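Participant: fold the following.
(2 chains)
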Amino acid sequence: MALLSVENLSAYYRTEIYGISRTVRAVDGVSFELKPNEIYGVAGESSCGKTTLIKVISGNLKPPLKVNSGSVSYHFGIHAVDMLHISQEELRRDLRWKEISYVMQGSMSVLNPVRKIIRTFEDIVDTHEGIPDKKRFFEQVREHVNRLGLPSEVLTSYPHQLSGGMRQRVAIALATVFHPRLIIADEPTTALDVVVQRGVLQMIKDIQAMSNNTVLLVTHDMAVHANVADRVMIMYAGRIAEEAPTEIIFNAPLHPYTQHLIHSLPMIGERSNKVSLRGAPPNLANPPTGCRFHERCPYVMDICRTEVPELVTVQDGHRVACHLVKENPL
Amino acid sequence: MRRFLLRYLIPRFLQFLTIIFVGITVTFIIPRLAPTNPVEAQISMMMARGESLDPQSIASMRAALTDMYGLSGSPLQQYFAFWGRLFRGDVGPSLANFPTPVSEMIGQAMPYTLSLLVTAVIISWIFGNLFGALSSYYPKNKALSLIEVLGQAVRPIPYYIVAIVLLVVFAYFIPIFPFSGAYPVGTHPSWSLAFIWIYIKHSVLPAATLVLVGFGGWFIGMKSLTSNIISEDYVVYAETAGLKKSRILNYYIMRNALLPQLTGLAMSLGTVFSGALIMEVVFGFPGLGMLTMAAVLRNDYSMIMGIAIYSIVGVAVTVFLMDLIYPLFDPRVRYQ
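Facilitator: Numbers count the residues shown, from 1 in each chain, chains lettered A, B, ... in the order given. This is a model prediction of the structure:
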């Protein structure tokens, strides 16, 4: 059974300033499932709704972000949780960090500059489980941190004494203290150099292999997905463009946008110039009609301008939203 | 520890000494740049009063006054003599209350000013910061908005107006507090409990004035600091992690916002040494402000210099002390 099923989710940012209301359709009609024990990648360029999607499924709804329609439900063993109708207190007490934890975007600066790392661990553990025995707690945290390949000294350090990669790893260690079933990682490798990136990705993979949980990995970096993810979802302008197992996404992409994304990756030994896609992602406050990609698509047809393409399953686990595919099924 | 001493403490101590040195040197130079000669001014004042003096006594008086003002010898000699007297703690006699030493009079006024102003500054600092942080963290709270409006309404009013309003209300219409002074006429200052109680009763209104006027500034400063910190990643993270609001407010928001406010506190504690002149005059409070006022009115310029020197040392000492305790609050300074 799926760990998380998201159905037809739409989440908009609604603002009203001086009587002029504006709606940004950041996530529009998104459906997907997360299975237990997998690494699921979400890719897409900046402002395509990746972070909004995460905010909704992790229950971090704050105005002006509002869910318009759809459902987000979790299945933790025997009990199911409806994320959109759970009370904040229940969410805080039972789910946050224990079942669903979150490695935030910009993890370099998530640590309080005036508190030692161990104090941040203490804050989180104390909030969710309580610390009856300080000495034992310290021992456990040290074990946890060592298991993830971090030296014990980081615990007694202040954030500014650690490097960026180290802080990112500390953020991941913080997210995994309770061995949650779902770890949501938002751009965990952005702003790190490739050597440190590798270390961080390996850490995520190791954690996943150790505790068999699910990792939802969001990044715009396709190379990261190629290395780590089991399945990848490509988002474009708030909608799913394509979803497939990693190998299929990289070897046989069907959506023109995915094709461009994959072809833009440099290959070893290749000496050709890369073609860049004309235009920019659409403004989500006023998205184009029909397929949101039609303005930039090289294969655009008349139907694309008027009708929204459905997300169709072309193969087991491979879903595409494109009129081209619908017309010429495999 | 050795690195801390060498890289942090010693440079700051040198800075402290430099501030005092420069400040006192300027205090020495400025009166000497004035076009009037204080000795001649004093003598002509006596003559103008019609006192008949023979030329010989005028000459001896001139010599005595020149010596008393520290004006004998070349400027360099005067400068060294000036420092020599300072090291013995001697700022010279007050001219208006000859021959009481200036240091003795300042010593009498200092406890009043310090106890009143330090208490008032600290109270307004604590409350301003506390409510500023709370009102930014709970923007919808009605009581906090009310406090904000009141605080901001009082802030631009000159404090002598606030003082007079408080006097009219709490000393005249509802006579619970005394009108003026630090103690009633006929009481002798002592360290007895009874006297301290009288003193506290006399200083409630002046202290309240300073607290009311100072509160708004701290409040608005803290509020703007806090509203920036609330959107910092580490606060958003703590909220996402489900931490209790009280813990976030204490350890994540206030703790970080306090750092710049501590510097502000040091600055206003430094200015305490020159007294709150107008406030002391309005309340007839026998502190440094009152002393300065009297010295200015009576041309007592050794007293003015004495007060200037005390406040220079006072500011330098508070800033230095603040530098010493700042690393306790900000680890980033500690490990520079």
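Participant: where exactly do the helices run in the stretch 201-330 of chain A?
Facilitator: Defined through DSSP state H, counting those that start in this stretch, the helices belonging to the stretch 201-330 of chain A, from first to last, are A:222-228, A:246-251, A:256-263, A:302-306, A:323-327.
Participant: tell me the average confidence for the last one?
Facilitator: Helix A:323-327 shows an average pLDDT of 78 in the prediction.
Participant: doesn't A:Val30 belong to a strand?
Facilitator: Yes - the secondary structure assignment for A:Val30 places it in a strand, going by DSSP: H, G, I helix; E, B strand; the rest coil.
Participant: find the nearest non-adjacent residue to it, please.
Facilitator: When the adjacent residues along the chain are set aside, A:Val30 lies closest to A:Leu9, with 4.8 Å between them (Cβ to Cβ, 6 or more residues apart in numbering or on different chains). Placement of C-beta: from N, CA and C, glycine included.
Participant: roughly how far apart are that neighbour and chain B?
Facilitator: According to Cβ to the nearest Cβ, to the nearest Å, A:Leu9 and chain B sit 20 Å apart.
Participant: shouldn't that residue be within a strand?
Facilitator: Yes - secondary structure assignment places A:Leu9 in a strand (three-state DSSP).
Participant: what stretches of chain B score poorly on pLDDT?
Facilitator: B:1, B:274-275, B:335-336 (pLDDT under 70).
Participant: so which strand or helix has the nearest residue to A:Asn112 once chain neighbours are set aside?
Facilitator: By the measure of Cβ to Cβ, 6+ apart, the closest residue to A:Asn112 outside its immediate chain neighbours is B:Tyr234, 4.6 Å from it. The secondary structure element spanning B:Tyr234 is helix B:233-240 (assigned by DSSP states H and E).
Participant: which neighbouring elements make contact with the helix or strand following that helix?
Facilitator: Taking DSSP H and E as the definition, the helix or strand that follows helix B:233-240 towards the C-terminus is helix B:245-247. The contact analysis (3 or more Cβ pairs under 8 Å, 6 or more residues apart in numbering or on different chains; DSSP states H and E) places helix B:245-247 against no helix or strand.
Participant: give me the distance from helix B:245-247 to the chain's centre.
Facilitator: Relative to its chain's centre, helix B:245-247 lies at 35 Å (Cα atoms, centre = their mean, to the nearest Å).
Participant: cool, and stretch A:272-282?
Facilitator: Averaging C-alpha positions (Cα atoms, centre = their mean) puts stretch A:272-282 24 Å from its chain's average.
Participant: and stretch B:251-261, by the same measure?
Facilitator: Here the centre of mass of C-alpha atoms in stretch B:251-261, compared against the chain's by Cα atoms, centre = their mean, lies 25 Å away.
Participant: that one close to chain A?
Facilitator: Yes - using Cβ under 8 Å from any Cβ of the partner chain, stretch B:251-261 reaches chain A at B:Tyr251, B:Tyr252, B:Arg255, B:Asn256, B:Leu259.
Participant: if you rank those by neighbours, which is first?
Facilitator: Neighbour counts for those peak at B:Tyr252, which has 26 neighbours (criterion: other Cβ atoms under 10 Å in any protein chain shown).
Participant: from B:Ala133, how far out is that residue?
Facilitator: 11 Å (Cβ to Cβ, to the nearest Å).
Participant: what do you get for B:Leu210?
Facilitator: 21 Å.
Participant: go on, B:Val211?
Facilitator: B:Val211 sits at a distance of 18 Å from B:Ala133 (criterion: Cβ to Cβ).
Participant: now the helices of the stretch 201-330 of chain A as a markdown table including distance to B:Tyr159?
Facilitator: Shown next, in a markdown table, are those (distance: least, Cβ to Cβ, whole Å):
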| stretch | distance to B:Tyr159 |
| --- | --- |
| helix A:222-228 | 61 |
| helix A:246-251 | 70 |
| helix A:256-263 | 66 |
| helix A:302-306 | 70 |
| helix A:323-327 | 74 |
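Participant: export those to JSON lines and tack on distance to chain B and mean neighbour count?
Facilitator: Output for those, formatted as JSON lines (distance: least, Cβ to the nearest Cβ, whole Å; neighbours: other Cβ atoms under 10 Å in any protein chain shown):
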{"stretch": "helix A:222-228", "distance to chain B": "21", "mean neighbour count": "19"}
{"stretch": "helix A:246-251", "distance to chain B": "28", "mean neighbour count": "17"}
{"stretch": "helix A:256-263", "distance to chain B": "28", "mean neighbour count": "19"}
{"stretch": "helix A:302-306", "distance to chain B": "39", "mean neighbour count": "14"}
{"stretch": "helix A:323-327", "distance to chain B": "38", "mean neighbour count": "16"}
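Participant: which positions within stretch B:119-126 qualify as buried?
Facilitator: Applying a neighbour-count criterion of 16 or more other Cβ atoms under 10 Å in any protein chain shown, the buried positions in stretch B:119-126 are B:Ala120, B:Val121, B:Ile123, B:Ser124, B:Trp125.
Participant: my read: the first one touches B:Val211, true?
Facilitator: I take that to be B:Ala120. Yes - with contacts defined as Cβ atoms under 8 Å, B:Ala120 counts as touching B:Val211 at a distance of 5.3 Å.
Participant: what distance separates the helix or strand harbouring B:Tyr112 from the centre of its chain?
Facilitator: B:Tyr112 is part of helix B:102-137, with elements assigned from DSSP H and E. Computed by Cα atoms, centre = their mean, the chain-centroid distance of helix B:102-137 equals 9 Å.
Participant: again, but for stretch B:20-34
Facilitator: 20 Å.
Participant: same check, this time on stretch A:55-68
Facilitator: With Cα atoms, centre = their mean as the basis, the distance from the averaged C-alpha position of stretch A:55-68 to the chain average is 14 Å.
Participant: which positions in it come out as buried?
Facilitator: In terms of neighbour count (16+ other Cβ under 10 Å), stretch A:55-68 has its buried residues at A:Lys55, A:Val56, A:Ile57, A:Ser58, A:Gly59, A:Asn60, A:Leu65, A:Val67.
Participant: turn those into JSON lines, including secondary structure and distance to chain B.
Facilitator: Putting those into JSON lines (DSSP: H, G, I helix; E, B strand; the rest coil; distance: Cβ to the nearest Cβ, whole Å) gives the following:
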{"residue": "A:Lys55", "secondary structure": "helix", "distance to chain B": "10"}
{"residue": "A:Val56", "secondary structure": "helix", "distance to chain B": "13"}
{"residue": "A:Ile57", "secondary structure": "helix", "distance to chain B": "13"}
{"residue": "A:Ser58", "secondary structure": "coil", "distance to chain B": "8"}
{"residue": "A:Gly59", "secondary structure": "coil", "distance to chain B": "9"}
{"residue": "A:Asn60", "secondary structure": "coil", "distance to chain B": "6"}
{"residue": "A:Leu65", "secondary structure": "strand", "distance to chain B": "13"}
{"residue": "A:Val67", "secondary structure": "strand", "distance to chain B": "18"}
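Participant: for the helix holding B:Tyr112, packing partners?
Facilitator: If contacts are counted by 3+ Cβ pairs under 8 Å, 6+ apart, helix B:102-137 sits against helix B:142-154, helix B:193-230, helix B:255-271, helix B:288-297, helix B:301-329.
Participant: closest one to B:Phe80 among those helices?
Facilitator: Closest to B:Phe80 of the helices and strands packed on helix B:102-137 is helix B:301-329 (Cβ to Cβ; 16.2 Å).
Participant: which strands and helices sit next to that closest one?
Facilitator: Contacts defined by 3+ Cβ pairs under 8 Å, 6+ apart place helix B:301-329 against helix B:10-33, helix B:102-137, helix B:255-271, helix B:288-297, helix B:331-334.
Participant: okay, these in TSV with distance to A:Pro298 next?
Facilitator: Compiled in TSV, the helices and strands packed on helix B:301-329 are given as follows (distance: least, Cβ to Cβ, whole Å):
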stretch	distance to A:Pro298
helix B:10-33	65
helix B:102-137	51
helix B:255-271	51
helix B:288-297	80
helix B:331-334	52
